[in-house]
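with the input below, show me the fold.
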Amino acid sequence: MPLEDLKYPIGKFKMPSQITTRDLQAYISSIALFPKHLQKVSLSLNDSQLDTPYRPDGCTIRQLVNHCADSHMNALIRFKLALTEDTPTIKPYKEAKWAELADSTTISILPALKMLEGIHERWEYLLKSLNDTDLKRTYMHPEHNKIFTIEETIALYAWHCNHHLAHVTNVKKTNGWS
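From the prediction side, this is the model:
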């Protein structure tokens, strides 16, 4: 499989030009179901399998699961900041360096899966409570030097969930672990 396909198994994220109510419902559903889907594809893996990179020079499945917990924890905070402040500048974090820490490289994936379950339950509840005005609230991402709306960020994180789920699924399929 070409490296680009290994990096982006569902393709690179493309911001929709328009996000409909139906789109938002689908995105929120993807976010809500992600922890259950990730558990389903990852809980049966042994330590050797969890320590397998999803692509050459990529992080391991263990790191990827922990990255999702880190990323989505930060995402929920970003949503709350955008909903309670006027276009706050969010704090980026060094994802690659976080993935090198012991809690990403050697610990069981169970704590990350538990975190994702709780974070996503709250996140889904919050997202379903938003009105049209809330969806247009914004935050500034200094790494991208760009202002994002809540609805754009919902689309991005739905993609993020499916993107990383596809990484794990592809490794399992490629190695005959399914």
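
so the closest residue to Q49 other than its chain neighbours, which of the three states?
Closest residue to Q49 apart from its sequence neighbours, by C-beta to C-beta, 6 or more residues apart in numbering: W177 at 6.2 Å. Placement of C-beta: from N, CA and C, glycine included. For W177, the assignment made with DSSP: H, G, I helix; E, B strand; the rest coil gives coil.

state the pLDDT value of W177.
At W177, the model reports a pLDDT of 95.

ditto for A75
98.

tell me the buried residues in the strand or helix carrying A26?
Assigned by DSSP states H and E, A26 falls within helix 21-42. For helix 21-42, a neighbour-count test (16 or more other C-beta atoms under 10 Å) marks L24, Y27, I28, S30, I31, A32, F34, P35, L38, Q39, V41, S42 as buried.

which of those lies closest to K14?
Nearest to K14, judged by C-beta to C-beta, of these is Y27 at 13.5 Å.

tell me the contacts of the residue lying closest to T169 once chain neighbours are set aside?
Leaving aside its chain neighbours, T169 sits nearest to V41 (5.6 Å; criterion: C-beta to C-beta, 6+ apart). V41 sits next to L165, V168, T169, K172 when contact means C-beta atoms under 8 Å, 6 or more residues apart in numbering.

okay, angle between the helix or strand encompassing L126 and helix 21-42 too, please.
Per DSSP H and E, L126 falls inside helix 110-129. Orientation check (axes from the mean of the first three to the mean of the last three C-alpha atoms, to 10 degrees): helix 110-129 against helix 21-42 gives 170 degrees.

which elements pack onto the next helix or strand after helix 110-129?
Following helix 110-129 in sequence order, the next helix or strand is helix 132-135 (DSSP H and E). In terms of contacts (3 or more C-beta pairs under 8 Å, 6 or more residues apart in numbering; DSSP states H and E), helix 132-135 is packed against helix 150-174.
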